[in-house]
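Peer 1: Sequence and predicted structure are below.
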Amino acid sequence: MSPPRRSHAERTLASASRVDLLHLLQRGGSHTVNELSAATGLHENTTREHLARLVADGYAVRAPERRAVRGRPRMLYRASTADDARVDPVAVGRLEESIAQVALTRVLLDGFGRDLGSTSDAAREAGHALTGPGGQLEPHIEQTVPVDASATDREARQLDALEAHLDRLGFDPERRDGALRIDLWRCPFLELARERPEVVCSVHLGLVSGVLETAGGPIAAHALRPFVGREHCVLELRRDTADA
């Protein structure tokens, strides 16, 4: 007789490290990845992976820090509460992820039998169409800047919009101040990306390009470096001096 299958909750909490993180969160308050990593002795990347699992399974909540001053907010983690159980804070993200999944599927179906270059180009165009002006996933740009705003202000708006969009799609982005790169610590389409990176990564690069174009400013998508780590990809951006 085969052993009984463990429930999803049992699998999630089978990791001692995840249990330790959850206990820390349940003591109260919101914490950054750095704080939790230091408290548990886990590597930051490992901490992120465990937190992503806890968030995905409803044990924890991930939300941006509320700040009264201008600047990129930190992402904070806290334990889920009874109030969280009554609503679904990631519903929008799941909807956007499903729309992106449909786009990926369409590109894959159209791309089989075509040469690699044309498939990649078509994938990037499909991604750009989703987030460009009038697209299904056109980002809502909350921060407005004057028409004569400086390139720095327009750049900040672009990067804020891009990071928020990637976060809603489930990429767990991390942008370091002053760097034209964003670390992506999770891929919502991991298995498909491993099989067809030329398609999946090109769609994602197109999504990024569309968001940046919609926000308007000097920053443009440059390249997406897949699998520099287990689930770690790096998005490289560039500054268009002609638009600065």
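Peer 2: That came in fine, so what should we check first? Here the structure is a predicted model, which is why all the values come from computation and not from measurement.

Peer 1: Tell me the spacing between the most centrally placed residue in the chain and residue 59.
Peer 2: What sits nearest the mean C-alpha location of the chain, by C-alpha atoms, centre = their mean, is residue 171, with 2.2 Å. In this view, residue 171 and residue 59 are 20 Å apart by C-beta to C-beta, to the nearest Å. In short, each C-beta sits where N, CA and C put it, glycine included.

Peer 1: Then residue 225?
Peer 2: 31 Å.

Peer 1: more crowded one of the two?
Peer 2: residue 59 (21 against 14; other C-beta atoms under 10 Å).

Peer 1: Show the pLDDT at that one.
Peer 2: Note for residue 59: predicted pLDDT of 82.

Peer 1: what's the answer for residue 38, then?
Peer 2: 95.

Peer 1: again with the one 5 residues further on
Peer 2: Reading off the confidence values, residue 43 has pLDDT 93.

Peer 1: and it, backbone torsions?
Peer 2: Main-chain torsions, residue 43, degrees, to the nearest 10: phi -60, psi 150.

Peer 1: ok, and the closest non-adjacent residue to it?
Peer 2: Closest residue to residue 43 apart from its sequence neighbours, by C-beta to C-beta, 6 or more residues apart in numbering: residue 37 at 6.9 Å.

Peer 1: Could you do residue 164 as well?
Peer 2: Excluding its sequence neighbours, the residue lying closest to residue 164 (C-beta to C-beta, 6+ apart) is residue 139, at 7.3 Å.

Peer 1: And that neighbour, how far from residue 236?
Peer 2: In this view, residue 139 and residue 236 are 20 Å apart by C-beta to C-beta.

Peer 1: For those two, indicate the residue with more neighbours.
Peer 2: Each of residue 139 and residue 236 has its neighbours counted (other C-beta under 10 Å); residue 139 has more, 20 against 14.

Peer 1: low pLDDT regions in the chain?
Peer 2: Counting by pLDDT under 70, the chain has low-confidence residues at 1-10, 68-71, 82-118, 140-148, 242-244.

Peer 1: which residues of it fall in strands?
Peer 2: Taking DSSP state E to define them, one finds strands in the chain at 60-64, 75-79, 173-175, 181-184, 219-225, 233-239.

Peer 1: tell me, how many neighbours does the nearest residue to residue 239 once chain neighbours are set aside end up with?
Peer 2: Nearest residue to residue 239, sequence neighbours excluded (C-beta to C-beta, 6+ apart): residue 218, at 5.3 Å. The tally of other residues near residue 218 (other C-beta under 10 Å) stands at 17.

Peer 1: Look up how far residue 217 lies from the residue nearest to residue 135 when sequence neighbours are not counted.
Peer 2: Once flanking residues are discounted, residue 135 sits nearest to residue 129: 5.5 Å by C-beta to C-beta, 6+ apart. Distance, residue 129 to residue 217, using C-beta to C-beta: 20 Å.

Peer 1: These two: which has the busier surroundings?
Peer 2: A count of neighbours by other C-beta under 10 Å puts residue 217 above the other of residue 129 and residue 217, at 23 against 17.
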